[in-house]
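Undergrad: Predicted model and sequence follow; I will ask about them next.
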Amino acid sequence: MSQKNNNNVVVRFAPSPTGFMHVGNLRTALYAWLWAKKNNGIFILRIEDTDKEREVAGAKEHILKVLKWIGINWDEGPDIGGPHSPYTQSERLDIYKKYAQILIEKGLAYADPYTEEEVENLRKKAEEEKKAFLYREHRPEKFDKWDSTKPLRFKVPVIKNYKWNDLVYGDLSAGPEALDDFILIKSDGYPTYNFCHIVDDIEMGITHVIRGQEYISSIPKYLSLYEALDVKPPIFACLPHILGSDGNKKLGKRDGAKDCLEYKDEGYLPEAFLNFLVLLGWHPSDDKEIFTVEELANIFSLDRVQKAGARWNDEKLNWFNKKYIQMLSDKKFSEFVDEFMPAEIKNLTNYNEKVERIIPIIKERIEKFEDIKDMHERGELKYFFERPEYNSKSLMWKDEKDIQNTKKYLEEILNILNKIQDNDFNSVSIKDAVWNFATENGKGNVLWPMRYALSGIDKSPDPFILASLLGKKDTLSRIETAIKKI
RNA sequence: GGCUCUAUCGUCUAACGGUUAGGACGCAAGCUUCUCAAGCUUGAAAUUCGGGUUCGAUUCCCGGUAGAGUCACCA
């Protein structure tokens, strides 16, 4: 890797602590982070907590937790500081005041003389007249001195068309109706997003502003503010929305978007989750689908981000998770099994000595670790540790009346298995020993009763595997029990 | 309603004007030692519509249609 000037790319992820972080937020963070990594740039985490009414306790900690889970690390942020500290907006109020003062002195910010109600009435009137409401059409002719008790509004310097380039959407433009005298500082003394994010982006040297598509229509406002401040705007990149799995609406908290940590709790692997997420709206130039973070950091590009929204797809996420589970080391896999195994199974007396043997069975049958619970509920775990209970009729393959033959077959299987040496009691030897007899008698007639005697359920691994996992002693004993039951 | 954006299999997407429109998930069928699971093979499945430009449009332009975003003292 060639050494690049670190200041080529400085990006930020700037969530507001107003609730849990959902997948839409996370993907924005992921794309910004990958863009920074790809360019050897700096990734900044900034907390935008200027809406004190909507702020949710613990939300900030939750955001950090999600990012850490998925493996997104930041170079500067509220917890670790950095050259532009602090990284929480409520602690940067003086900086915003300074910029507000600059605008006031330029005559480009003024105290809003109206009450909230008066503005609302003007808005309603415009609506009734089927006109777009523009505050600037009601801009007072003379401005009172701003005393911090009224909102401070931006005075759009020039009403004109704006054209700009977006790394994802290409050339964009908007007419003058996109421009208005928006509020810079609210009457509670806190700045609005529209104002302070721009101040911070300037102060922190942000080069690329990567955020959701919903900001496209606001960008002309930002452009006019950059002009008023005489600052060159950064490069913009807006990201398409993630759509809910039903409907076409942007995935939001109200439409059932889940807290990212729920995926962790359900047993999704962060690597799989990240891999799925990166492909939801972005695609490399070839057909490769499984990526390490390092590979993504090399090939990620904003110009290959889609313009249309991508629908959330749990099935594909599950497929990715399964793939990644298969790649997990035995040790790591066992740790997850230990975490997700239901207490009812863990409390069985011989759980600890036997659990390692059934690891491969679990590994090929789950998509996420929470599925272990479902396996348990379907009775697919318990019989490995305890003798199964079942109705003797179930031992019969297809023909429930063939009692005598079933008994005969089980007795012969018992005989055959008994002859296998203890230290040779593996699935291959067992199959070799049983196979001829089974084939001669229609396979299912013989193998189904054997498997059922060992598992006590309709669906399980094949009888050779089961016998080898249970061991010779337990296998013989379970078959004897079945014979007695008939 | 104004402004803005978007449109390829059910879903995620590939195809810098020329391909039998490719891949993946899901689905179906078959194979693989009974039932599962896993694996393998095969299959069905798409360029929103109408005009143009061009020898030739999924691709470029215009229009229709559909969908989305936004129009806060929220971010």
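TA: Thanks, I have the structure now. Keep in mind that what you see is a predicted model, and the values were worked out from it rather than measured. Numbers count the residues shown, from 1 in each chain, chains lettered A, B, ... in the order given.
Undergrad: For the stretch 351-486 of chain A, what lies in contact range of RNA strand B?
TA: Within the stretch 351-486 of chain A, the residues that sit near RNA strand B (C-beta under 7 Å from any atom of the strand) are A:364-365, A:397, A:431, A:435, A:438, A:443-444, A:447-448, A:451, A:458-464. Yep, even glycine has a C-beta here, placed from its N, CA and C like the rest.
Undergrad: By mean pLDDT, flag the weakest helix or strand of chain A.
TA: When the helices and strands of chain A are scored by mean pLDDT, DSSP states H and E, helix A:116-128 comes last with a mean of 89.
Undergrad: Any buried residues in that one, and which?
TA: A:119, A:122, A:126 (16 or more other C-beta atoms under 10 Å).
Undergrad: And the residues of the stretch 351-486 of chain A next to RNA strand B, which of them are buried?
TA: Here, 16+ other C-beta under 10 Å leaves A:397, A:431, A:438, A:447, A:448, A:451, A:460, A:461, A:463, A:464 buried among these.
Undergrad: Next SSE downstream of the least confident helix or strand of chain A?
TA: Downstream of helix A:116-128, the next assigned helix or strand under DSSP states H and E is strand A:152-154.
Undergrad: roughly how far is the helix or strand just after that following strand from the heart of the chain?
TA: Remark: after strand A:152-154, the chain's next helix or strand is strand A:162-166, criterion DSSP H and E. Mean-position distance between strand A:162-166 and its chain equals 31 Å (C-alpha atoms, centre = their mean, to the nearest Å).
Undergrad: Pull out the buried residues from the next helix or strand after strand A:162-166.
TA: Note on strand A:162-166: by DSSP H and E, the next helix or strand toward the C-terminus is strand A:170-174. Using 16+ other C-beta under 10 Å as the test for burial, strand A:170-174 gives A:172, A:174.
Undergrad: for strand A:170-174, packing partners?
TA: strand A:162-166, helix A:219-229 (3 or more C-beta pairs under 8 Å, 6 or more residues apart in numbering; DSSP states H and E).
Undergrad: Of those, flag the one that's most buried.
TA: For those, average neighbour numbers computed from mean count of other C-beta atoms under 10 Å are highest in helix A:219-229, which has a mean of 20.
Undergrad: Which residues does that helix contact?
TA: Contacts with helix A:219-229, where a contact means C-beta atoms under 8 Å, 6 or more residues apart in numbering, come from A:99, A:102-103, A:106, A:108, A:154, A:156-158, A:162, A:164, A:172, A:174, A:178-180, A:182, A:194-195, A:198, A:202, A:232-233, A:236.
Undergrad: State the distance from residue A:94 to residue A:199.
TA: 11 Å (C-beta to C-beta, to the nearest Å).
Undergrad: These two: which is more packed in?
TA: More crowded of residue A:94 and residue A:199, by other C-beta atoms under 10 Å: residue A:199, with 22 against 7.
Undergrad: about what we covered before: Throw the helices and strands packed on strand A:170-174 into TSV and include mean pLDDT and distance to RNA strand B, thanks.
TA: Output for those, formatted as TSV (pLDDT from 0 to 100; distance: least, C-beta to the nearest atom of the strand, whole Å):
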stretch	mean pLDDT	distance to RNA strand B
strand A:162-166	95	9
helix A:219-229	97	8
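Undergrad: For residue A:349, find the nearest of the ones you listed.
TA: In terms of C-beta to C-beta, the element of the helices and strands packed on strand A:170-174 nearest to residue A:349 is strand A:162-166, at 63.6 Å.
Undergrad: pLDDT value on residue A:249, please?
TA: Among the per-residue scores, residue A:249 holds a pLDDT of 74.
Undergrad: roughly how far apart are it and residue A:148?
TA: Remark: distance between residue A:249 and residue A:148 (C-beta to C-beta) = 39 Å.
Undergrad: Check residue A:135 too.
TA: In this view, residue A:135 and residue A:148 are 20 Å apart by C-beta to C-beta.
Undergrad: Mind checking which of the two has more residues around it?
TA: A count of neighbours by other C-beta under 10 Å puts residue A:135 above the other of residue A:135 and residue A:148, at 19 against 13.
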